[in-house]
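Q: using only what follows, build the 3D model:
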Amino acid sequence: MTIQWAVMLILGFATFLAWVRLSLWHSRGRRTGQASPVRLALLMLLQPLVSALLYYALFPPMVGGGPTDLRIATAGTSRLAAAVDGAPLILLPEAPAIGGGEATPDLATALRRHPGVRTITVLGKGLGPRDIDAARQVAVEFDSPPLRPGILNLTPPPTAPAGGRFVVGGTLAGLSEATVELIDPAGRVTDSGSADRDGHFLLAGTARAAGAVNFTLRARKDKRLIEQADVPVWVTDSTRPRLLILAGAPGPEAKYLRRWASDAGFDVTTQMSAGGGIALGDAPVALDAAGLRRFDVAIVDDRAWAGLRGPLIAAVRGGLGLVLRAGGAIDGVTRSQWQALGFGLSGPGGVAPLALPNASDEAVARTRHGIGSDEAPVDMALPEDFAPDVGRLGLTPGGGEAVPMLQDAGGATLGAWRAIGIGRVALFTGIDSYVLTLTGRRDLYGDWWNGLLTAVARPAPSSHMIPGILWAGERMALCDIGSDGQVENTDSAQTRLAPVAGCGAFWPARAGWHQLRVKDALRPFYVQSHDALPTMRAARDRQAMAMRSTTTPGAPAVAVTTGGSGSAWPFWVAWLVASALLWWLERSRVGRRVTLSSGQAEPALATASAAP
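A: Prediction:
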């Protein structure tokens, strides 16, 4: 409900109450003989008149006589299109200099200057975010121009760990099968590829040192540079994930897991039971709730699981990531316990063969000759079609809430995970996976375990970038930040946010890295230059214009309800006169009938009889 409707309802209700009061007064006056129908009619007519004059004094009606259509020139407006005779031409700041047009700072100002406008025709590339809200007041006609070839969409990574891999995605417009390159700050091409038929592409890069860094994306067609753009990447200096490996007995699987995890950047602690209360590996840790809270993820075999089931489940509910693996065929008790975690284990049980993809010739040659692998025995004789002797449980993990994540070459599910509390638990059915490292398949071994640990590990706290592509000179809105948010500019100057509709507004003046500071928390964001990504910016404005456009012939125009009103002072004078007349008429005795009691003469007649 608008403010005009609210005031109208209040005034209407006040008029109704006044009529009820006058009706009650007239009923009492009829019993005493003082009621006058003429006086009552005048009072009841003056009540709605006073209310109507007050409403028009508060909200003056529109002044007619002006144009009802306008042509709005925006960026990219053709001089030929603007020169056509028709409605008055309005030049927004981004429009080219065209003779005969009226320059205005924004669309809202133009609508205030021309209050009778009901339809606007937008020329050029369309209205920007500054003028989209003002376009709600009128009907909009817009014929969008075709987009120029270029980068239609770009999605930088929200954050990347130091030394880790990140992925950049995007879409090209009018450049199917074009070449896309990702270039690091040193000018080296880190990844390149071709966009598919629909223009989509994915490129990968590696983050180095922590902090803010800019990669460059280039789109080429037939070796010709079409467009390039900055790809901001916020690199976090996160701590090494803490991994706990628990084994019920010493074995090669735990040994190779520890070696791989250390190389992969984990802070590894290993505990292996040797029987008789003897533990091998690193310094003993307390395997209770407080001790397990120190770790981000744990790999536990079926033997160690049997004695630590309670503390491990409690730790997972508190956020710990857990990967359960089997050292061989499991018994019925372990199977029941793993099913109680929410995994449906279907199959005959026992140990089944695991189908692996064929090894590449390079991997087989490296295995035959022991090149590049310290663990590969140099005298191993391999057949032509070599397949590592890696098995799996004859049970397939599943269930309604389980998410399958690993499969062998035959399609059998090797791993699945599900959430328990605020943590996750994964079940891996591969047995003796360490054999992959001895047979030239370290890549597959690393992919399996990296995928398992990444899926369930406790997420490390990090400051993610504020999402979205931002341009210099355009307003950005930051919500859910409270009232004390500040932005640190590229020159380290701090700017307080302007409150707008429950959010904070900020107008970046220059391109570069900025930081939003809310209390002690910092969130970085990157501002593109005003001329960067023109195709993406034009597509955004065209989509916003399409939501406002009414191009159907004869479409009803939306009446302007704010701004451009006529003068209010004549209505205030008329309201004051009508209110004074109503006040005088209610308090005067004009029109009232005077009734005298019996035996009492009128004063004029008594005076006449007393005269000589």
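
Q: contacts and neighbour counts: CA atoms only from here.
A: Noted.

Q: so which helix or strand takes in the closest residue in space to residue 478 that isn't next to it in sequence?
A: Closest residue in space to residue 478, ignoring its immediate chain neighbours: residue 504 at 5.0 Å, by CA to CA, 6 or more residues apart in numbering. Using DSSP states H and E, residue 504 sits within strand 503-506.

Q: now residue 486: phi and psi?
A: Dihedral pair for residue 486: phi -140, psi 150, per degrees, to the nearest 10.

Q: report the contact partners of it.
A: Neighbour list for residue 486: 494, 495, 496, 497, 516, 517, 518 [criterion: CA atoms under 8 Å, 6 or more residues apart in numbering].

Q: apply 10 Å and report the result again.
A: 493-498, 504, 506, 515-519, 522 (CA atoms under 10 Å, 6 or more residues apart in numbering).

Q: next: residue 300.
A: By CA under 10 Å, 6+ apart, the residues touching residue 300 are 244-248, 254, 271, 306, 308, 312, 322-326.

Q: hmm, try it at 7 Å
A: By CA atoms under 7 Å, 6 or more residues apart in numbering, residue 300 lies in contact with 245, 246, 247, 323, 324, 325.

Q: pairing partners for the residue nearest to residue 478 in the sheet, please.
A: Beta-bridge partners for residue 504, by DSSP bridges, are residue 478, residue 499.

Q: so for whichever strand or helix holds residue 190, what gets flagged as buried?
A: Assessed by DSSP H and E, residue 190 sits inside strand 189-194. For strand 189-194, burial by neighbour count (16 or more other CA atoms under 10 Å) applies to 191, 192, 194.

Q: equivalent analysis for stretch 574-589, please.
A: Burial within stretch 574-589, assessed by neighbour count using 16+ other CA under 10 Å, is assigned to 574, 575, 578, 579, 582, 585.

Q: now do the buried residues in the biggest helix by length in the chain.
A: Among the segments of the chain that qualify as a helix by DSSP state H, the longest is helix 3-32. For helix 3-32, a neighbour-count test (16+ other CA under 10 Å) marks 11, 12, 15, 18, 19, 22, 26 as buried.

Q: and the furthest pair within those residues?
A: 11 and 26 (22.5 Å; CA to CA).

Q: what residues are up against the residue lying closest to residue 399 once chain neighbours are set aside?
A: Leaving aside its sequence neighbours, residue 399 sits nearest to residue 344 (CA to CA, 6+ apart; 4.6 Å). Shown in contact with residue 344 (CA under 7 Å, 6+ apart): 397, 398, 399.

Q: ok, and the most crowded of those residues?
A: Greatest neighbour count in these, by other CA atoms under 10 Å, goes to residue 397: 27 neighbours.

Q: neighbouring strands of the one helix or strand that residue maps to in the sheet, and parallel or not?
A: Here residue 397, judged by DSSP H and E, is contained in strand 396-398. Strands that pair with strand 396-398, judged by DSSP bridges, come out as strand 344-346 (antiparallel).

Q: what's the mean pLDDT across the strand it pairs with?
A: Strand 344-346 comes out with an average pLDDT of 87.

Q: next one: stretch 20-39
A: The predicted model assigns stretch 20-39 a mean pLDDT of 77.
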